[in-house]
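Q: Compute the structure for the input listed below.
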Amino acid sequence: MHDDRNLVEGRLKRVLDERIRPAVYPESVPLDVAVWHAPGEPVPVAEGLAGAPEPIEVGARWGAPWGTSWFRVTGTVPQAWAGRTVEALLDLGFDENMPGFQCEGLVYRPDGTPVKGLNPRNQWVRIGEPVEGGEEVRLHVEAASNPVILDYHPFLPTQLGDKETAGSEPQYTLTRMDLAVFDETVWQLVLDLEVLGELMAELPVESARRWEILRAVEKALDAVDLQDVGGTAAQARARLETVLSEPAVPSAHRISAVGHAHIDSAWLWPLRETVRKVARTTANMTALIEDEPEFVFAMSQAQQWAWVKEYRPEVWARVKKAVADGRFVPAGGMWVESDTNMPGSEAMARQFVYGKRFFLDEFGIENDEAWLPDTFGFAAGLPQIIKAAGSKWLLTQKISWSQTNKFPHHTFQWEGIDGTRIFTHFPPVDTYNCSMKGSELAHAASNFKDKGVARHSLAPTGWGDGGGGTTREMVAKAARLGNLEGSATVEWETPGEFFAKAEAEYPNAPVWMGELYLELHRATLTSQAKTKQGNRRSEHLLREAELWAATAAVRTGFPYPYEELDRIWKTVLLHQFHDILPGSSIAWVHREARATYDRLAAELNAIIDAAQHALAGEGMTEFVFNSAPHSRDGVPAGGARTPEPTGETALAPRLAGGYTLDNGLLRVEIDATGLVVSAYDIEADRETVASGHAANLLQLHPDFPNMWDAWDVDEFYRNTVTDLTDVDEITAGEDGESLRIVRSFGGSRVTQVLSLPPGERKLVIDTEVDWHETEKFLKLAFPLDVHAERYASETQFGHFHRPTHTNTSWEAAKFEACNHRFVHVAEPDWGVAIVNDSTYGHDVTRTVRTDGDRGTTTTVRVSLLRAPRFPDPETDQGVHRFRHALVPGAGIGDAVREGWRINLPERRVTGARDVAPLVSVDRDAVVVSAVKLADDGSGDVVVRFHEAHGGRARATLTAGFAFTSVTVTDLLERPLAEALAPQLDGARIAVRLRPFELVTLRFVRA
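A: Numbering: from 1, shown residues only. All right, here's what the predicted structure looks like:
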């Protein structure tokens, strides 16, 4: 037989595009349209319905950037259509390639009842099935004219990302507003042909199945009368029945389809728009659930559920019914799909606490899975947190985006820093926006790394990023693909059903230990510095507020601010969403985030101040409150005492130019250009700075990645560097114990203050940058005289080691990595820590010196600032302040302690009495991360702690209050049945911890 594949396939494409698809709606009449443009921000539904619309014609421009327009569409169903299915086709100016990224709408009936959402892939509204003819149609559309930020030429700078700069030019052209007859038989034929055509294209040319499909498609096309598609569609479908009914082979890959709409809580749209995106999507999905009995939809992010409950109660009622029916499934058990690299220990824990508790309170549903399809890598401390929250599975597909190395598994056990293992799945379909295309399913089957030992994978199915969700076309395709020869099989299942099957079939899944590093989007550790600072400071202010409010509540009856703390925590957790904290959202989002963090800081400082004054009482004696988990200058952790004298620091001119700082523990030499040329550990008789190098070196790189400006830094940025050694001035500080250094470069200015606190072995570096660069990357370098094959950086509830070498492509790809409060490099008997108050990105490299002592230089560079122009063209412009400290002679315990201290500076309060800690621990290795009252309002005291040094620890925890019982709990403060009862000796509790082990205790007060 002659090879006529191209001929038949070309015929299929043209006939589908030009004849069959247009025949789905064979007849139409125009609707009358009027529009009212809401002034300013979106208005309540009642106000939108009551607006005074004016006529508008199809073809007219509408919609200022970020505006809201209320369309009223009216018409009459023609009598001739009686007995037929009729739909309204409402095209606001859609581009079908941009679902979620442009204008959208939510359709209402005149009484304000929501019908469904409109988006580029979902433009229809069912009017009647069948109609009688003569029905009056009246619909209202709340249309959002969200501008296109990520266009066909992506990553171009634009002012559209903030309503304050976006202007008022209409963004869209009203394209179609019609009533139309819907021919379901033709629609079904379209899907038959799409499924078979897409499957055929994925089969080997030599496959008999491919030729069977080709011949069947050819016969179906022969049956179609191109001048009467509707009249011949059923005949064409009949010719496809046999080829569509052939079952899949027994070894076929098995796909669990989960209805899905990944909705970024903010990204290329502000938070307020996400509230509406969620309403549109949930309205669509509840409607689809009613129409499709097999369909199951899962939605993560408790915050988004809470928005529906608060802002769209009429949609919420439909959601609750669908949840009760088991068809609309709460997923993930987190407040938002957060970043997991940068959130601190407690914040990461609270993501699960608030997320799981919402679903438990609202629906009585316990999530077993963490659902993070789009998060930019996963910290090594996360498995223990997932388990401590009562969950056991993790799903993500983002690691498939890695540019350098292909991850070896799709289903595996992920082991964290403490040894906890979480059963993890990466969907091999490699998208969270699966649309049931044949190419997607074929890729899932061929790409699956665990063939031969496992057979199941999951496909999150539906349009996402900006929402939209699953369409009726996807559901119809899934029905045809349920058991079809040549394809993977497809079945609608909940995430829990999938994971149960996957875990059962793969009991000895391979293990991956350590972080799940995304070899992409590394610059998200640095972009939008003020957002990151706001997060870090909010986390520590929350620790302080809980600690002192709980202490004051127990000691003085101070009213514990449950509601305030609950609200603030939820706000902080929301802003840890994986496009807010990483700095990859539009300008509007980060402008609002900065204002939000300022407001939260004022509220938290007020709580802290009130609690501390309640504890200290009325008086004029000055007391130092120590919020850190280690004692400081005689003040116990979590307590307050009068300050003790701390010694002196000497500042003297240096013979070679510059100055010397000396406090008897550390002698630091700063040359005439303001660089640290020596940091000498006097007790250890050891130099910190590598010979021939200088620390506190600011370095400037060009920074123009190939794609994803705010997200990416590409390795070639290192090829060009400018050392900022020119100095405008270097002067002694007014206190006589510090040094002020000023530099200018480009359009920017840096002012640094170097100080050596008395009695402490650390050099504190306060850096103020007035930043006005474009597409540049600013680093702060510390070349250290340390021979180290690996280094430690803090993560949640511990630290994680990374190599300093680049032996393999896996190590080389980690050229920018995340730390929390410290980075630590060490030889067996001596090390150096670099601690920070608000930065996350860093790099560590090693070289061998070719002259002098030929020693090893390990260089730690802190990432300070970037200046990408997309999606925020003014990223990080303005004044920024950072604090770092160089800590020579530091062991890992010193790094932990100093990291806490730099983030929790002492507070001084006048009063009448010392404050004893509410809880104390006698070993520095055991770090108390939270002291609070129980969330249920019972007044119980909750204490969370972990082993922080990476070894086993025995300690005694002492409660500074009377209690009747103490229980080991999970993160949600529920008793752990498998936990051993704490060993008590009066108020003392014996603690034995494995490396990095996390424990939560709940005390019932006497």
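
Q: Beyond the biggest helix by length in the chain, next helix or strand please.
A: In the chain, with assignment by DSSP state H, the single longest helix is helix 587-616. Sequence-wise, the next helix or strand downstream of helix 587-616 (DSSP states H and E) is strand 621-625.

Q: partners of that following strand, with directions?
A: For strand 621-625, the paired strands and their directions (DSSP bridges) are strand 640-641 (antiparallel), strand 907-911 (antiparallel).

Q: Would you mind giving the ones you listed as CSV with mean pLDDT and mean neighbour count added?
A: Where C-beta positions appear, they are placed from N, C-alpha and C, glycine not excepted. Compiled in CSV, the strands paired with strand 621-625 are given as follows (pLDDT from 0 to 100; neighbours: other C-beta atoms under 10 Å):
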stretch, mean pLDDT, mean neighbour count
strand 640-641, 98, 22
strand 907-911, 97, 16
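
Q: Quick one: those as JSON lines, columns for distance to Asn719 too.
A: Conversion of the strands paired with strand 621-625 to JSON lines gives the following (distance: least, C-beta to C-beta, whole Å):
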{"stretch": "strand 640-641", "distance to Asn719": "52"}
{"stretch": "strand 907-911", "distance to Asn719": "46"}
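
Q: Out of the ones you listed, the one nearest Leu739 is which?
A: strand 907-911 (24.9 Å; C-beta to C-beta).

Q: now the angle from that closest one to helix 587-616?
A: Calculated by axes from the mean of the first three to the mean of the last three C-alpha atoms, to 10 degrees, strand 907-911 forms an angle of 40 degrees with helix 587-616.

Q: re earlier: other SSEs contacting the longest helix of the chain?
A: helix 529-556, helix 562-574, strand 640-641, strand 907-911 (3 or more C-beta pairs under 8 Å, 6 or more residues apart in numbering; DSSP states H and E).

Q: Off-centre distance for it?
A: The chain centroid and the centroid of helix 587-616 are separated by 23 Å under C-alpha atoms, centre = their mean, to the nearest Å.

Q: ok, now stretch 318-325?
A: For stretch 318-325, the distance to the chain centre is 27 Å (C-alpha atoms, centre = their mean).

Q: Likewise for stretch 225-244?
A: That offset, for stretch 225-244, works out to 47 Å (C-alpha atoms, centre = their mean).

Q: residues touching the spatially most central residue of the chain, list them.
A: For the chain, His578 is the residue whose C-alpha lies nearest the centre (C-alpha atoms, centre = their mean; 2.1 Å). By C-beta atoms under 8 Å, 6 or more residues apart in numbering, the contact set of His578 is 264, 336-339, 372, 374-376.

Q: 10 Å - rerun?
A: When contacts are counted by C-beta atoms under 10 Å, 6 or more residues apart in numbering, His578 touches 264-267, 336-342, 372-377, 398, 521, 524, 584.

Q: got it, and Arg908?
A: 612, 622-625, 640, 643.

Q: same thing with Ala656?
A: Going by C-beta under 10 Å, 6+ apart, Ala656 touches 669, 671-672, 677.

Q: What about those, which are in helices?
A: With helices taken from DSSP H, there is no overlap with these.

Q: Buried among these? Need that as a selection in ChimeraX.
A: Of the contacts of Ala656, the buried ones go into a single ChimeraX selection, burial set by 16 or more other C-beta atoms under 10 Å:
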select :669,671,677
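
Q: that older thread, which stretch among the strands paired with strand 621-625 comes nearest Thr720?
A: strand 907-911 (44.3 Å).

Q: what angle separates that closest one from helix 529-556?
A: Between strand 907-911 and helix 529-556, the angle comes out at 30 degrees (the same axes, to 10 degrees).

Q: continuing past strand 907-911, what's the next helix or strand?
A: Assigned by DSSP H and E, the successor of strand 907-911 is strand 919-921.

Q: Counting by contacts, list what that next one packs against.
A: helix 529-556, strand 926-933, strand 941-947, strand 953-959, strand 988-993 (3 or more C-beta pairs under 10 Å, 6 or more residues apart in numbering; DSSP states H and E).

Q: can we see that at 8 Å?
A: The contact analysis (3+ C-beta pairs under 8 Å, 6+ apart) places strand 919-921 against strand 926-933, strand 941-947, strand 953-959.

Q: how about Pro373, phi and psi?
A: phi -70, psi -20 (degrees, to the nearest 10).

Q: Let's have the contacts of Arg908 in TSV, adding distance to Leu739.
A: Formatted as TSV, the contacts of Arg908 follow (distance: C-beta to C-beta, whole Å):
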residue	distance to Leu739
Gln612	33
Glu622	28
Phe623	31
Val624	26
Phe625	29
Ala640	32
Pro643	25
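
Q: filter the residues you listed to the buried ones?
A: 612, 623-625, 640.

Q: wait, what's in contact with Tyr517?
A: 377, 402, 813-814, 817.

Q: An error on my part: the question was meant for Asn819.
A: Asn819 neighbours (C-beta under 8 Å, 6+ apart): 793-795, 836, 840, 842.

Q: Which of those residues lies at the shortest distance from His884?
A: Asn836 (5.0 Å).

Q: got the contact list for that closest one?
A: 819, 821-822, 862, 882-885, 899, 902.

Q: and which of those residues is nearest to Gly634?
A: Ile902 (19.0 Å).

Q: can you pull out the strands in the stretch 801-950 of the chain?
A: For the stretch 801-950 of the chain, applying DSSP state E, counting those that start in this stretch gives strands covering 817-818, 822-827, 830-836, 841-848, 856-866, 878-888, 907-911, 919-921, 926-933, 941-947.

Q: Describe which strands the third one pairs with in its sheet and in which direction.
A: Which is strand 830-836. Strand pairing (DSSP bridges) places strand 830-836 next to strand 822-827 (antiparallel), strand 878-888 (antiparallel).

Q: ditto for the fifth one
A: Taking DSSP bridges as the criterion, strand 856-866 forms sheet pairs with strand 776-784 (antiparallel), strand 841-848 (antiparallel).

Q: which of those strands is buried the deepest?
A: Compared across the strands paired with strand 856-866, strand 776-784 shows the largest average neighbour count, a mean of 25 (mean count of other C-beta atoms under 10 Å).

Q: Give me the contacts around that one.
A: Against strand 776-784 from outside (C-beta under 8 Å, 6+ apart): 523, 526, 688-690, 693-703, 713, 717, 746, 765, 767, 769, 771, 825, 832, 834, 843, 857-867, 884, 886.

Q: And stretch 168-179, by the same measure?
A: 28-31, 33, 56-65, 71, 73, 75, 77-78, 86-94, 102-103, 123, 127, 137, 145, 147-148.

Q: distance between that stretch and the chain's centre?
A: Taking C-alpha atoms, centre = their mean, one finds stretch 168-179 lying 33 Å from the centre of the chain it belongs to.

Q: How about stretch 888-904?
A: Chain-centre distance of stretch 888-904: 28 Å, with C-alpha atoms, centre = their mean.

Q: Extract the C-alpha trace of that stretch and format it as PDB.
A: Presented in PDB, the C-alpha positions along stretch 888-904 are these (Å, rounded to 0.1, in the frame of the first residue of the first chain):
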ATOM      1  CA  PRO A 888      35.600  33.800  62.800                       C
ATOM      2  CA  GLY A 889      36.300  30.700  64.900                       C
ATOM      3  CA  ALA A 890      32.700  29.600  64.700                       C
ATOM      4  CA  GLY A 891      31.500  26.100  65.100                       C
ATOM      5  CA  ILE A 892      28.100  25.100  63.800                       C
ATOM      6  CA  GLY A 893      26.600  26.000  67.200                       C
ATOM      7  CA  ASP A 894      28.100  29.500  67.000                       C
ATOM      8  CA  ALA A 895      26.600  29.900  63.500                       C
ATOM      9  CA  VAL A 896      23.200  28.900  64.900                       C
ATOM     10  CA  ARG A 897      23.400  31.200  67.800                       C
ATOM     11  CA  GLU A 898      24.700  34.200  65.900                       C
ATOM     12  CA  GLY A 899      22.100  33.700  63.200                       C
ATOM     13  CA  TRP A 900      19.300  34.000  65.800                       C
ATOM     14  CA  ARG A 901      20.900  37.000  67.500                       C
ATOM     15  CA  ILE A 902      21.300  39.100  64.300                       C
ATOM     16  CA  ASN A 903      17.600  38.500  63.600                       C
ATOM     17  CA  LEU A 904      16.400  39.100  67.100                       C
END
